[in-house]
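*Asks:* Give the three-dimensional model of this entry:
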Amino acid sequence: MTGFSGSAQSMSLVAFTVVATLTLLLCVMTGPDRDDLDEFYTGYGSLSPLRNGLAIAGDYISGAGVLATAGVIALCGYDGVVLALSTALSLMLLMFLLAEPLRNAGRFTMGDALARRMPGRSVRIAACAVTIAALLPLMLVQLAGAGQLMAFVLGFSNETVQTGCVIGLGALMISYAAIGGMKGTALIQILKIVMLLASGTVVALLVLHRFDWDPGALLAAAARGSGAGTAYLNSGLQFTGGPAPRLDMISSELTVVLGGACLPHITMRMYTASSARQVRRSMSWAVSCVALFVLIVSVVGFGATALVGRAAVAAADPQGNTAYLLGSRAAFGADVSTAETLLFTTVTAAVFLTLLASVAGMILACANSLAHDVFATRGQEMPARREMALARVSALAIGVPTILLAVLVQHHSLQPLIILSFCVGASALAPALVYGLFWRRYTRTGLLCTLLGGTLTVLLLMPGTNLVSGSPGAAFPHADLNWFPFTTTGLVSIPAGFLLGWLGTVASGRRRAAEQRRQYEAVEGWILAGAVRRGSQEDARRRGVEAA
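*Replies:* Okay, the predicted model is just below:
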């Protein structure tokens, strides 16, 4: 039983339909109306810092982030709050360390930023491959999660209907990316984050009101409702039973902090700012929004356990992905007025839009990289009209397999896919960006070793974690391949990514390292301080050739 009334379900269905229709119309109205790559890829950098910051926060707070984070807080208490805080810390890391150099070095994609000092098609192809490897698992989670959300809220259990929802929503998300481009998806992200934060704030206030505005009373009630007592408010509950709970927790938080900041659909938002000052101001707004989200999801997560009980949350979904909705519903009490039903409908619509917008941004990042880094760099320069057509076709080429895979995995635990994306971001993309933007001796061989070696390390270690097999909540609970002692691969794969980059650079030889140092020094002021404004694509290519 979900506790959702018939009127709430009917209003939610109407809200879902209205949201889908309006957002698609918004993409059609704001999409690029001529063959201009800057308009499609970056929206001309026309967004103000506030709107760009909201779009960054909207891309960063994915549907999986909302549902999974609230679930971990509801089920594991303190450990969930640490996870939520890690997401905010990750965005702060991007703000202070990588945002401005990324904006200065890149133009459209992460491949642009990495190839700025290391021109070559191999670098761009590797960047595209790792972009898809990092974002495909998250897209599967969002798509399958959207179908599960509709099934849970609307109360239907027919698998055929749920599969139809996944396919229909996937087609809608492909349309967002192909029609709207960067500007269209940005406006959807803005609408999503405003709805999510506004409805979440009201729900969090209602939860606190139920406990006479006393956070201590809320935490005490959550501890009682968890069945774990004081352990609920102490670290380690999430990793109890593992051989090294403390190390497992460190590995998980390190993966979130480094991986979340470097995922390609987040870094591509840096290129939509028109200047370094705009990047700083945009990131300030984004961090503020994420900090507010952390506060909201913590209150709602604790409220779900305090008002509904940990057992009921786990019964609805073993991973706790319905905790945010259950906590929102419980905040209204037994007798729900029409206004409260309308508010709950807004909450469900906000979560639904969060899932839609997240996948749209990820499909756009993958499609842009495929079109710009792989196809547009073959031989002579490609006309803008053809490259834009390729980007739209690439959105279809990425989206269709994603829909098919989402249908296949929708009935399995999706937690390993979330972890896989963050592990690839932390183990391959983070070392590549840090070395590529700041290490003068870093070579093309070192970069390829980082990207490909870090990704392969994650893919080799991930099947051995207890999220894949060996535990009741694993993706394959009846198999037993659990040979890796941690929940995430970060404790091993992150150092491996940095080490492989160093080894690849050393193996390149002193002569190649010296050449790379000279090439980096030619663009160092440009990358680190924006001393030279970004010129045209032809000028950028000429500079790279001269530096080599």
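
*Asks:* Going by C-alpha atoms from here, please, whenever you check contacts or count neighbours.
*Replies:* OK.

*Asks:* ok, now which ones touch residue 470?
*Replies:* With contacts defined as Cα atoms under 8 Å, 6 or more residues apart in numbering, the neighbours of residue 470 are 476, 477, 478, 479, 480, 481, 482.

*Asks:* Measure how buried the residue nearest to it when sequence neighbours are not counted is and give me the count.
*Replies:* Counting by Cα to Cα, 6 or more residues apart in numbering, the nearest residue to residue 470 once its immediate chain neighbours are dropped is residue 480, at 4.7 Å. Neighbour count of residue 480, defined by other Cα atoms under 10 Å: 14.

*Asks:* Is residue 480 located within a helix, as I assumed?
*Replies:* No: following the definition DSSP: H, G, I helix; E, B strand; the rest coil, residue 480 is coil and is not counted among the residues of a helix.

*Asks:* isn't it right up against residue 467?
*Replies:* No: here residue 480 lies out of contact with residue 467, judged by Cα atoms under 8 Å, at a distance of 10.9 Å.

*Asks:* Among the contacts of residue 470, name the buried ones.
*Replies:* Of the members of the contacts of residue 470, the ones counted as buried by neighbours, 16 or more other Cα atoms under 10 Å, are 476, 477, 482.

*Asks:* quick one, phi psi at the second one?
*Replies:* In this case it means residue 477. The phi and psi values for residue 477, taken as degrees, to the nearest 10, are phi -60, psi -20.

*Asks:* and if you look at the first one?
*Replies:* Reported as degrees, to the nearest 10, the phi and psi values for residue 476 are phi -130, psi 80.

*Asks:* residues contacting it?
*Replies:* Taking Cα under 8 Å, 6+ apart as the definition, contacts of residue 476 comprise 412, 413, 468, 469, 470.

*Asks:* Recalculate using a threshold of 10 Å.
*Replies:* Listed by Cα atoms under 10 Å, 6 or more residues apart in numbering, the contact partners of residue 476 are 412, 413, 466, 467, 468, 469, 470.

*Asks:* swap in residue 262?
*Replies:* Residue 262 makes contact with 90-91, 93-94, 98, 110, 134, 268, 422, 424-433 under the criterion Cα under 10 Å, 6+ apart.

*Asks:* And residue 55, by the same measure?
*Replies:* Going by Cα under 10 Å, 6+ apart, residue 55 touches 47, 49, 61, 183, 185-194, 266, 269, 282, 285-286.

*Asks:* after the helix or strand hosting it comes which helix or strand?
*Replies:* Under the assignment given by DSSP states H and E, the secondary-structure element containing residue 55 is helix 49-60. Counting by DSSP H and E, the next helix or strand C-terminal to helix 49-60 is helix 63-76.

*Asks:* Might you calculate how far that next one sits from the centre of the chain?
*Replies:* Using Cα atoms, centre = their mean, to the nearest Å, we find the averaged C-alpha position of helix 63-76 to lie 14 Å away from the chain's own average C-alpha position.

*Asks:* Quick one: list the elements packing against that helix.
*Replies:* Counting contacts by 3 or more Cα pairs under 10 Å, 6 or more residues apart in numbering; DSSP states H and E, helix 63-76 is packed against helix 78-93, helix 121-154, helix 215-226, helix 276-307, helix 310-316, helix 323-330, helix 338-369, helix 415-424.

*Asks:* For those, give me CSV that also has mean pLDDT and distance to residue 252.
*Replies:* Compiled in CSV, the helices and strands packed on helix 63-76 are given as follows (pLDDT from 0 to 100; distance: least, Cα to Cα, whole Å):
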stretch, mean pLDDT, distance to residue 252
helix 78-93, 90, 8
helix 121-154, 86, 17
helix 215-226, 91, 22
helix 276-307, 91, 17
helix 310-316, 87, 21
helix 323-330, 86, 21
helix 338-369, 83, 22
helix 415-424, 91, 9
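
*Asks:* possible to save those as TSV with mean neighbour count and distance to residue 18?
*Replies:* Rendered in TSV, the data for those read as follows (neighbours: other Cα atoms under 10 Å; distance: least, Cα to Cα, whole Å):
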stretch	mean neighbour count	distance to residue 18
helix 78-93	23	30
helix 121-154	23	14
helix 215-226	20	35
helix 276-307	24	25
helix 310-316	19	27
helix 323-330	27	20
helix 338-369	26	9
helix 415-424	26	29
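
*Asks:* ok, back up a step: could you flag which of the contacts of residue 476 are buried?
*Replies:* Listed as buried from the contacts of residue 476 are 413, 466, 467, 468, 469, 470; burial here means 16+ other Cα under 10 Å.

*Asks:* State the distance from the nearest residue to residue 210 once chain neighbours are set aside to residue 87.
*Replies:* Here the nearest residue to residue 210 in space, its sequence neighbours aside, is residue 331; by Cα to Cα, 6+ apart that works out to 7.2 Å. With distances defined as Cα to Cα, to the nearest Å, the gap from residue 331 to residue 87 amounts to 25 Å.
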